[in-house]
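Novice: Quick one: sequence and predicted model below, then my questions.
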Amino acid sequence: MTPTIAPDRTATPAPAQDTGKTACVIGAGFGGLALAIRLQGAGVATTLVEGRDKPGGRAYFWEREGFTFDAGPTVITDPDCLRELWALTGHDMGADIELMPVNPFYRLAWPDGTQFDYSNDDAALNRQIAALNPADVAGYQRFLAYSAAVYREGYVKLGHVPFLDFASMVKAAPALMKNQAWRSVHAMVSHFVEDERLRQALSFHSLLVGGNPMATSAIYALIHKLERDGGVWWAKGGTNRLVAAMVTHFERLGGTVRMADPVVQVHTFGTSASEVETASGWRQRFDAVASNADIVHSYKALLAGSKRGADYSAKLARKRFSPSLFVVHFGIEGTWPGIPHHTILFGPRYEGLLADIYDRGVLPEDFSIYLHHPTVTDPSMAPEGKSTFYALVPVAHLGKLAIDWEAMGPVLARRILDEVGRRLIPDIHSRIVTSFHYTPRDFASDLNAHVGSAFSLEPILTQSAWFRGHNRDDVIENFYLVGAGTHPGAGIPGVVGSAKATAGLMLEDLTK
């Protein structure tokens, strides 16, 4: 677990020594914000450029009829990796944002009525596991030991280390092989427990970072240990308020934010990135440029004027990308204390459904739903006496599923709400105050996400670490990546970890 660095509250922190160097970070998602904070805090004059009208990237938000709807991500784990961004300059994150514990972490529910409240309460977990299959209590303990081992190797040791050459991958290989990284998460979980519902409960986490439990490396079992140790948290007021706190902190350190002005090109001269140009015509020279934009967009569009951009974007386009998402946001009458903050409504199929989404590229009749209910933790997300929800289902990305989402969106939204109504809120349609949905087409248009992928490159072993986009480009010597498309991958701890790795490289290069 990333150690907390205690802030010094006895004195006003001195400003970082000005290095005389400048940097531009393109994109104000979690990764871009974390990188910008680290650079500015180290004395590099940093400009953060965001194309949309609000910061956050995938952590965008909407306000409608008194309801606040977060686009996501909504699961905050390893809060120490966030606290560190403030503590590096002697500040306290708690002065800018309140994190609220979520318990249970998730309620898992199956069509047969079985429920499983997933948390880090060992006694409660063991009782629930025993109710499913007494023999799996011991198996779960063995899985927990395995999860702790891959957490140490995959997150603590390698999660913030850039993989810039194949030699670094070879060096990491023994630990990966020792922990059977070639096996899938589901296969490894199945090695320890027998009950199929428990196998689903312990393997679904890779879906939160875009990975198919049937194909994603077993290393991603580390998420279980990450949640057990650090808990699951919610930012009071919404994930958007955590984003706002990061912007506040960046500007406090002297950073510059340029909003609603998308970057249209990163100009290059030889093997260097020289200038950044935006849609408004603003153009400025920087010593270093980092992109938190979609990785394909970064090369295909932003570096369109360079051979490197054309060559690498073509290579990237041949890789496997994570699926997209279909999300129904809705505000309803009433409060629902019996519905936890996070609920997974599993459908009748697991492996077959995943194959439809990841491999076959079809829109199945059945689905599993991730239901987000923030008002049970934080009533400020809705008007008094009302509740904010979203219901999310993974769907194949646009490269696999070419359907008319404008026509299909309302149909699928109705089907999803019908299922939530059938299983949890019987009169849901009559209670809805406001609702809207977000489709793969929106991911592509709003976020420049290649094929509308919600998580960038699929996190399989052959697209991880060195095989993923490198934190520093191999050809353009002062062009860097941060975010889901680079090491270590998607999710808040992942992209904040990528910022730590990338910042280390940039600061080393800028101070040579």
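Specialist: Okay, I see it.

Novice: And what about residue 261, helix, strand or coil?
Specialist: What DSSP: H, G, I helix; E, B strand; the rest coil gives for residue 261 is coil.

Novice: From here on, call the first residue 9.
Specialist: That works, and once the first residue is 9, the last one we named lands at residue 269.

Novice: List the contacts of the closest residue to it other than its chain neighbours.
Specialist: Ranked by CB to CB, 6 or more residues apart in numbering and with sequence neighbours excluded, the top spatial neighbour of residue 269 is residue 286, at 4.4 Å. The C-beta positions use only the backbone N, C-alpha and C, and glycine is treated the same way. Residues in contact with residue 286, defined by CB atoms under 8 Å, 6 or more residues apart in numbering, are 57, 266, 269-272.

Novice: in the sheet, who's paired with residue 286?
Specialist: On the basis of DSSP bridges, residue 286 takes part in beta bridges with residue 271.

Novice: Next, find the distance separating it from residue 268.
Specialist: With distances defined as CB to CB, to the nearest Å, the gap from residue 286 to residue 268 amounts to 10 Å.

Novice: Residue 244 now?
Specialist: Applying CB to CB, the value for residue 244 to residue 268 is 26 Å.

Novice: Residue 371 too?
Specialist: Looking at residue 371 against residue 268, where the rule is CB to CB, the gap reads 34 Å.

Novice: Top of the contacts of residue 286 by number of neighbours, please.
Specialist: Within the contacts of residue 286, neighbour counts (other CB atoms under 10 Å) peak at residue 57, which reaches 26 neighbours.

Novice: for that one, phi and psi?
Specialist: Backbone geometry at residue 57, expressed as degrees, to the nearest 10, gives phi -110, psi 120.

Novice: Which pLDDT does the model give the nearest residue to it once chain neighbours are set aside?
Specialist: For residue 57, the nearest residue in space outside its immediate sequence neighbours is residue 266; the separation is 4.6 Å by CB to CB, 6+ apart. At residue 266 the predicted local distance difference test score is 98.

Novice: Look up phi and psi at residue 266.
Specialist: With angles defined as degrees, to the nearest 10, residue 266 shows backbone torsions of phi -120, psi 110.

Novice: And residue 421, by the same measure?
Specialist: Backbone torsions of residue 421, given as degrees, to the nearest 10, read phi -60, psi -40.

Novice: per-residue confidence at the nearest residue to residue 265 once chain neighbours are set aside?
Specialist: Taking CB to CB, 6+ apart, and ignoring the residues beside it in sequence, residue 265 has residue 56 as its nearest neighbour in space, at 4.9 Å. At residue 56, the model reports a pLDDT of 98.

Novice: residue contacts, residue 56?
Specialist: By CB under 8 Å, 6+ apart, the residues touching residue 56 are 32-33, 36, 40-41, 44, 258, 263-266.

Novice: Among these, which lie within helices?
Specialist: Using DSSP state H, the members of these that fall in helices are 40-41, 44, 258.

Novice: Could you export the residues you listed as JSON lines, including pLDDT?
Specialist: Rendered in JSON lines, the data for the ones in helices among the contacts of residue 56 read as follows (pLDDT from 0 to 100):
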{"residue": "40", "pLDDT": "98"}
{"residue": "41", "pLDDT": "98"}
{"residue": "44", "pLDDT": "98"}
{"residue": "258", "pLDDT": "98"}
